[in-house]
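Student: got a structure for you, letters missing:
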């Protein structure tokens, strides 16, 4: 367990960005990173907040056809990075990605304006929901200090 | 070689951000990402621009004592990610990191305000310069298309 002061900082860092970096390891062992919508951002996705407790388990919607999906099937190792440029603070969560098979959860996450990504709607086979489970954190506090630990 | 129209887009994407994401693979095979100063940003580091030709070779200053330095010694695989939130475009460069041993190059990169990171100055043993060499790119054009290729 992390101390409660740190936990509050993490909660804020997780809720703030619109876009966050999701990293995978490709078939050549090289890390790949891309910006993803931060579904845990309460202003952007107010209807999804019940799915995000402490923020250490998070979700991403993506195209089934994207290379990242194949990468996570081959190698579930992943990290999620939250950065606030205003305060120079960054939080890295390391863990694993699984693909959500439960259609009830996929349905519950569905947003109508995602039709621009998945033209067939919630049942579009190209709509994939990824679940990220954190195992550890590494936090840069903006003042030359890094704190890290298990989750 | 990439087509010249794409090359111009990449040049712009590389020059724009202040902070960019550098990713490594840790000893457990998990990707780690952190924000780094974009030394190729001409407004922020005007004196360093001669070092950045096409932008596919880039540099990072960091603390020798940071975990990323040990990670890159163990495993040079790396990626650098440039994202422009305004236009929804992202450029991922994958390749390798080496540690710059040439003190002339380290001296040439030195910025006086880096004393806040390396209190002993340019000869501080905690001052490390990393060189990133790109092998391939993956570009998201903001309009649901990904282009990729070798460099």
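Tutor: Yep, that arrived. Just so you know, these numbers come straight off a predicted model, no measurement behind them.

Student: Every contact and neighbour count from this point should use C-alpha atoms.
Tutor: Will do.

Student: Residue A:37: what's it in contact with?
Tutor: Residues near residue A:37 by Cα atoms under 8 Å, 6 or more residues apart in numbering or on different chains: A:18, A:19, A:20, A:60, A:61.

Student: Same check on residue A:71?
Tutor: A:24, A:25, A:26, A:27.

Student: What parts of chain A come near chain B?
Tutor: Counting by Cα under 8 Å from any Cα of the partner chain, the residues of chain A close to chain B are A:21, A:23-25, A:29-35, A:77-81, A:83, A:90, A:92, A:94-95, A:117, A:144.

Student: Swap in 6 Å and give it another go.
Tutor: With Cα under 6 Å from any Cα of the partner chain as the criterion, chain A meets chain B at residues A:30, A:31, A:77, A:78, A:79.

Student: returning to that earlier point: for the buried ones among the contacts of residue A:37, write the corresponding ChimeraX selection.
Tutor: In ChimeraX, a selection of the buried entries from the contacts of residue A:37 looks like this (16 or more other Cα atoms under 10 Å in any protein chain shown):
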select /A:18,19,20,60,61
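
Student: show me where chain A has helices.
Tutor: Secondary structure of chain A by DSSP state H: the helices cover A:4-15, A:67-74, A:103-109.

Student: Looking at chain A, which strand is longest?
Tutor: When chain A is scanned for its longest strand (criterion: DSSP state E), the result is strand A:127-140.

Student: between that strand and helix A:67-74, how big is the angle?
Tutor: Relative orientation of strand A:127-140 and helix A:67-74, computed by axes from the mean of the first three to the mean of the last three Cα atoms, to 10 degrees: 80 degrees.

Student: which residues touch residue A:121?
Tutor: Residue A:121 makes contact with residue A:115, according to Cα atoms under 6 Å, 6 or more residues apart in numbering or on different chains.

Student: Per-residue pLDDT of it, please?
Tutor: Per-residue pLDDT puts residue A:121 at 97.

Student: ditto for the one 4 residues further on
Tutor: According to the prediction, residue A:125 has pLDDT 98.

Student: what does residue A:94 give?
Tutor: The per-residue pLDDT of residue A:94 was computed as 98.

Student: Tell me how far it lies from residue B:32.
Tutor: Counting by Cα to Cα, to the nearest Å, the gap from residue A:94 to residue B:32 is 7 Å.

Student: Between those two, point out the one with more neighbours.
Tutor: Between residue A:94 and residue B:32, residue B:32 has the larger neighbour count (other Cα atoms under 10 Å in any protein chain shown), namely 29 against 26.

Student: can I assume the more buried one is in contact with residue A:139?
Tutor: No. Applying Cα atoms under 6 Å, one finds residue B:32 not in contact with residue A:139, separated by 11.8 Å.

Student: any common contacting residues for these two?
Tutor: Common neighbours of residue B:32 and residue A:139 (Cα under 6 Å, 6+ apart) do not exist.

Student: which regions of chain A sit below the pLDDT cut-off?
Tutor: A:1 (pLDDT under 70).

Student: What are the boundaries of the strands in it?
Tutor: Going by DSSP E, chain A shows strands at A:19-25, A:31-37, A:57-63, A:77-84, A:89-99, A:127-140, A:146-150.

Student: Using JSON lines, lay out the ones you listed together with distance to residue B:52.
Tutor: Shown next, in JSON lines, are the strands of chain A (distance: least, Cα to Cα, whole Å):
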{"stretch": "strand A:19-25", "distance to residue B:52": "25"}
{"stretch": "strand A:31-37", "distance to residue B:52": "22"}
{"stretch": "strand A:57-63", "distance to residue B:52": "34"}
{"stretch": "strand A:77-84", "distance to residue B:52": "25"}
{"stretch": "strand A:89-99", "distance to residue B:52": "27"}
{"stretch": "strand A:127-140", "distance to residue B:52": "28"}
{"stretch": "strand A:146-150", "distance to residue B:52": "30"}
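
Student: quick one, which of those is nearest to residue B:151?
Tutor: For residue B:151, the closest of the strands of chain A is strand A:31-37, at 15.9 Å, according to Cα to Cα.

Student: So what's the gap between that closest one and the chain middle?
Tutor: Centre-to-centre, strand A:31-37 and its host chain are 9 Å apart (Cα atoms, centre = their mean, to the nearest Å).

Student: do stretch A:32-41 as well
Tutor: Computed by Cα atoms, centre = their mean, the separation of stretch A:32-41 from the middle of its chain amounts to 6 Å.

Student: What of stretch A:18-31?
Tutor: Stretch A:18-31 sits 11 Å away from the centroid of its parent chain (Cα atoms, centre = their mean).
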